[in-house]
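> Sequence and predicted structure, then a few things I'm wondering about:
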Amino acid sequence: MRVHAAHVKSPWSIRAAEEARMDQYETNNIRNVSLIGHSGSGKTSLAEALYFLTGKSSRLGRVEENNTVADYDPDEHERGMSINLTPIACEWAGSKLNVVDTPGYADFVGEVISGLQGTDAAALLIDATSGIEVGTETVWRIASNLKRPLILILSRMDRENVDTTAVVDDLRERFGTNVVPIQVPIGEGPDFRGIVDLLDGKARIFKDGQSTVEDVPEELIESVETAKEQLLEAIASTDDALLELYLEGENISREAMITALHAGVRDRSIYPVVFSAATELKGTRETFEALIALTPSPTESLKLLMDSNAPAIDGPVIVQVFKTLADPFVGKVSIFRLIAGQIDGEAQLVNQRTGETQRLTNIQFAVGKDGESAGTMAAGDIAFVTKLEGVATGDTLTDPGHTVTTQAFDLPTPLFEASITPETSADLDKMGSVLSRLVEEDPSLQSYRDEETAETILAGLGESHVQISLDRAKRKFSVGLHAEVPRVAYRETIRKTVNAHGRHKRQSGGSGQFGDVHIEFSPLPRGSGFEFEDRVVGGRVPRNYIPAVEKGLIEAIDVGLLAGYPMVDFKAALFDGQYHAVDSSDESFRLAARLAYREGIPTASPVILEPIMKLSIFIPEANTGDVIGDISSKRGHVLGMPPCDDEGFAVVEVEVPAAEVQRYATDLRSITQGRGRFTREFVRYEEVPSNIQEQLMASAEQQREAAV
């Protein structure tokens, strides 16, 4: 029977160990492939079709009907797009293909990186009606940085307005001439009815989800010969023996071509192209076969996954967690890859990051939200376990006494920040723990407390990323949270030196209160903070009261007198005062110091300071003028344009006030149609223009009046 999921709302369905298990596979018969591409390019539909072909599903689900194996999350159903990576184990003709469906929307690129970390290769889907899109370039760059082999799939071939020749030409121009089709499509758009396999020169004609082998249609013979010549050139360039055969005009067998293509894919010297219309099961079988035949096995990829010397594939157990899910019912779900070794049912492993021992039990092979008991798990396979407390995405677990270093997870820095507030007091009590669970589930989020503005910040890769995370908090954990624009960490300072007098005197019968101070306030260089100096001579202020003067000032400078921002970069020098032998006290001198502060600062030419950020903006060259113009409109200025290694792109370095770029992730995406990205770092504080200062002071006054 199913454990837990039959009577709760959890999407995760876990099979008990005594249930029927998935077949066992040797490492060399396992393939791990991430499906990557622009949003809407057909990744989830392909994953669904591949799983349907295994015979384990009685229906071919559709994204628009919210019934696919990969997209099971209500957030995905509501928005009609993938949000989480989802592994699906597909068994095929004695082999096992673990496909990991990943989101295509830019805000969830962290899921793409995690998926690629857990797999040996990627299938890059390109919508045949759209060609290269923003997401295509993004995931290509990520896969290249992670050195993952790629197979390219022109998807949605049955849609209107398909021009495969133009798309393939664009791919070769953008990514290199080692992008080479291994098939020729028969028909395009609604007329897409088959492919010619260039490896054996035979046509596959599609009908009712099946394909029959036939001769090449006469009208395609010439284009097939041209395409095969192009393929043979690419194959021959990877192998000297094949090159010699090719130059001598000798026949190269199908087996030799597959071997050479496999090596070329593994070494990233060839990027094969295939064609598919997954929702109609057209080309899906051929895609399945290509993924198994051409992508590297876990044994071949072992060195890629290790930063240290690669261990033996059959050596000590090495596990890496590449995705964590926080489920309110089954608890933490850890999706992992067994890099090396073998697990028979369960394992006792040590977390290399924490040193804690973790027990892995009831290991499940993942099929979307469902699990099938793993039994024996061979190196290279992918599975999940629950309740691994203290284990996070990216953690490596090994046999006791064994130390390794795996390839690090390099997730993008979240640059879209939101101030998070709870809907109710009950939500406030749970807010911290829920934000921690969201970050645990998605490490491309960051949550922290901004001590300067007293706000709880949730940072993500974009506005949708943050909002969907908050929606998830409500749905999963019943905690309502709102996102607002964070306050800017303005500060205040002074520009000239003044002397101020503060006297606190009170008499109400018996002993009174008396403290009298003279303080010089003077500006300091930026970044100096606050300094206190004791210049008192002759005992005008007894030594035991001087700490109280400093304390009073430290308390006062938390609230500037212009708009309530902290006071910085100035010195307060106590140089004179008076005291009373009976009435003076620490409290009297603390209050006298505050009075001197309130008297002196308004006359010392106070000014509001704003944080200045340096942005390094990576953009297509065609957008350079628009980006520079936008930065200028935000009170920024260009520092320079250093060389850019990526052809067709430019780097613009600018300085701009932080207040102007709080939503720059959204602005840049709009200007560049999603092709731009940037990094950000704090530089210094500068005086705000007078008009901005007036606006800030007026806003502060309105807030004070509203609070009364």
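Arrived safely.
> does Gly460 have beta-bridge partners, and which?
On the basis of DSSP bridges, Gly460 is bridged to Phe416.
> Pull the number of nearby residues for it.
Neighbour count for Gly460, taken as other CB atoms under 10 Å: 28. Every C-beta, even on glycine, is put in place using the N, C-alpha and C of the backbone.
> Wait, it touches Pro414, no?
Yes. Between Gly460 and Pro414 there is a contact under CB atoms under 8 Å: 4.9 Å.
> which residues do those two both contact?
Residues touching both Gly460 and Pro414 by CB atoms under 8 Å, 6 or more residues apart in numbering: 444-445.
> centroid residue for the protein?
Centrality entry for the chain: nearest residue to the mean C-alpha point is Gly110, 2.7 Å, by CA atoms, centre = their mean.
> give me the element it is part of.
In the assignment (DSSP states H and E), Gly110 maps to helix 109-117.
> for the record, mean pLDDT for the following helix or strand past that helix?
Moving toward the C-terminus from helix 109-117, the next helix or strand (DSSP H and E) is strand 121-127. Across strand 121-127, the average pLDDT comes to 98.
> what's in contact with stretch 346-360?
317, 319, 343, 361-363, 385, 388, 390-392, 395-400, 402-404.
> re the thing from before, between the helix holding Gly110 and strand 121-127, how big is the angle?
140 degrees (axes from the mean of the first three to the mean of the last three CA atoms, to 10 degrees).
> so where's the stretch 451-600 of the chain shaky on pLDDT?
509-510 (pLDDT under 70).
> wait, I meant the stretch 51-200 of the chain
By pLDDT under 70, the stretch 51-200 of the chain has no low-scoring segment.
> where exactly do the helices run in it?
Ranges of helices in the stretch 51-200 of the chain, per DSSP state H, counting those that start in this stretch, are 74-79, 109-117, 134-145, 164-175.
> Nearest residue to Ala592 in space, please, no chain neighbours.
Gly515 (3.7 Å; CB to CB, 6 or more residues apart in numbering).
> hang on, that neighbour in a strand?
Yes. Gly515: assigned to a strand according to DSSP: H, G, I helix; E, B strand; the rest coil.
> Distance check, it against Leu696.
From Gly515 across to Leu696, the span is 33 Å (CB to CB, to the nearest Å).
> more crowded one of those two?
Between Gly515 and Leu696, Gly515 has the larger neighbour count (other CB under 10 Å), namely 30 against 21.
> I'd say the more buried one and Leu591 touch.
Yes. Counting by CB under 8 Å, Gly515 does reach Leu591; the two are 6.5 Å apart.
> Walk me through which strands the strand ranked longest in the chain pairs with, and which way each runs.
When the chain is parsed with DSSP state E, its longest strand is strand 606-620. Partner strands and pairing direction for strand 606-620 (DSSP bridges) are strand 491-494 (antiparallel), strand 649-657 (antiparallel), strand 677-687 (antiparallel).
> Over stretch 607-625, what's the mean pLDDT, rounded is fine.
On average, stretch 607-625 scores 97.
> What are the buried residues along it?
Buried residues in stretch 607-625, defined by neighbour count with 16 or more other CB atoms under 10 Å: 607-615, 617-620, 623-624.
> which of those residues sit farthest apart?
Val607 and Pro620 (39.5 Å; CB to CB).
> C-terminal to the longest strand of the chain, what's the next element?
helix 624-633.
> how much does that next one deviate in direction from strand 677-687?
Using the same axes, to 10 degrees: helix 624-633 against strand 677-687 is 30 degrees.
> What helices and strands are in contact with helix 624-633?
strand 606-620, strand 637-640, strand 649-657, helix 664-672 (3 or more CB pairs under 8 Å, 6 or more residues apart in numbering; DSSP states H and E).
> TSV please, covering the ones you listed and showing distance to Arg59.
Formatted as TSV, these follow (distance: least, CB to CB, whole Å):
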stretch	distance to Arg59
strand 606-620	43
strand 637-640	57
strand 649-657	44
helix 664-672	37
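> Can you tell me which of those is nearest to Thr279?
The nearest among the helices and strands packed on helix 624-633, by CB to CB, is helix 664-672 at 29.1 Å.
> Burial check on Glu255, number of neighbours?
Number of residues near Glu255 (other CB under 10 Å) recorded here: 9.
> repeat for Glu372
Neighbour number of Glu372 under other CB under 10 Å is 20.
> tell me the secondary structure for it?
strand.
> isn't Ser447 right up against Val434?
No. Shown here, Ser447 and Val434 do not form a contact pair, counting by CB under 8 Å, at 9.6 Å.
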